[in-house]
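Student: I'll drop the sequence and a predicted model, then ask my questions.
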Amino acid sequence: MYFPKSYITPNQYSNGELFLVGTNTSYTGYYFSVLNGKTYTGRYPNDGEQLELTPPPNIQTQQEEEGDSFYDHRFTSPNLTYSKINNVQETPSPIKVIPFYPNPTQQDYKLGEFTRYFSKKVNEEVYVETKSISKNVLYIGFSLPWSITGDKDSTYNLNKRIVELKEEQLNINGLGAFLKFNYIQYYK
């Protein structure tokens with residue numbers, strides 16, 4: 001399959017949060033994404049067999065069932081001694097965040113905007129869109145108001161400016177790139 005270079009975000013890595021389309025099999029490994037939002041296995045096109053990936057179909061149900069609780073592997077038997085020696089405190093906050101893919105409602109479109117939530121790893125330029133602001137020692141959680149109606153150019157510029165302001169406010173980089181500079185995502 002062919003995609004122009006400007007349409008590709010290569011060398012991304014899944015820790016099992018993506019699934020092979022049509023299966024219940026989680027995928028761990030490199031993947032690339034294209035401008036239309038689809039993701040495929042491999043570091044880049046033509047790197048092995050390109051199988052389409054998707055977020056888990058029951059991700060929202062899973063979030064509601066599990067809430068924010070995850071098993072903290074710092075306190076399992078192989079790591080327990082190290083954690084005790086270093087006085088690591090067990091925290092109620094999760095170690096990882098659950099990705100969430102928003103779906104604006106008709107009410108949101110009537111309002112003209114909705115709130116998007118993100119988490120950014122403290123020590124890396126790694127972003128995850130989430131269901132709510134994450135309270136986590138490993139991630140910075142924040143929200144953005146996201147315009148989805150009105151004049152297309154004005155909506156684009158408004159969302160772009162909001163992203164730039166948030167990057168400046170939190171002293172972070174790469175949020176625009178994470179959003180693939182698609183400032184009219186969800187626009188109708």
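Tutor: Received it, and whenever you're ready, just let me know what you need.
Student: lowest-pLDDT helix or strand in this structure?
Tutor: For the chain, the helix or strand with the lowest mean confidence is helix 59-66, at a mean of 39 (criterion: mean pLDDT, DSSP states H and E).
Student: in the protein, spot the strand with the most residues.
Tutor: strand 8-20 (DSSP state E).
Student: tell me where the protein has strands.
Tutor: Using DSSP E, the strands of the chain run over residues 8-20, 26-34, 39-41, 52-54, 113-121, 127-130, 139-147.
Student: got those as JSON lines, with distance to residue 99, mean pLDDT and mean neighbour count columns?
Tutor: C-beta: built from backbone N, CA, C; applies to glycine. Written out in JSON lines, the entries for the strands of the chain read as follows (distance: least, CB to CB, whole Å; pLDDT from 0 to 100; neighbours: other CB atoms under 10 Å):
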{"stretch": "strand 8-20", "distance to residue 99": "6", "mean pLDDT": "83", "mean neighbour count": "15"}
{"stretch": "strand 26-34", "distance to residue 99": "12", "mean pLDDT": "86", "mean neighbour count": "17"}
{"stretch": "strand 39-41", "distance to residue 99": "12", "mean pLDDT": "88", "mean neighbour count": "20"}
{"stretch": "strand 52-54", "distance to residue 99": "11", "mean pLDDT": "86", "mean neighbour count": "17"}
{"stretch": "strand 113-121", "distance to residue 99": "9", "mean pLDDT": "93", "mean neighbour count": "19"}
{"stretch": "strand 127-130", "distance to residue 99": "5", "mean pLDDT": "91", "mean neighbour count": "19"}
{"stretch": "strand 139-147", "distance to residue 99": "12", "mean pLDDT": "93", "mean neighbour count": "18"}
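Student: so can I have CSV of those strands showing distance to residue 186?
Tutor: Shown next, in CSV, are those (distance: least, CB to CB, whole Å):
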stretch, distance to residue 186
strand 8-20, 19
strand 26-34, 17
strand 39-41, 18
strand 52-54, 18
strand 113-121, 8
strand 127-130, 12
strand 139-147, 7
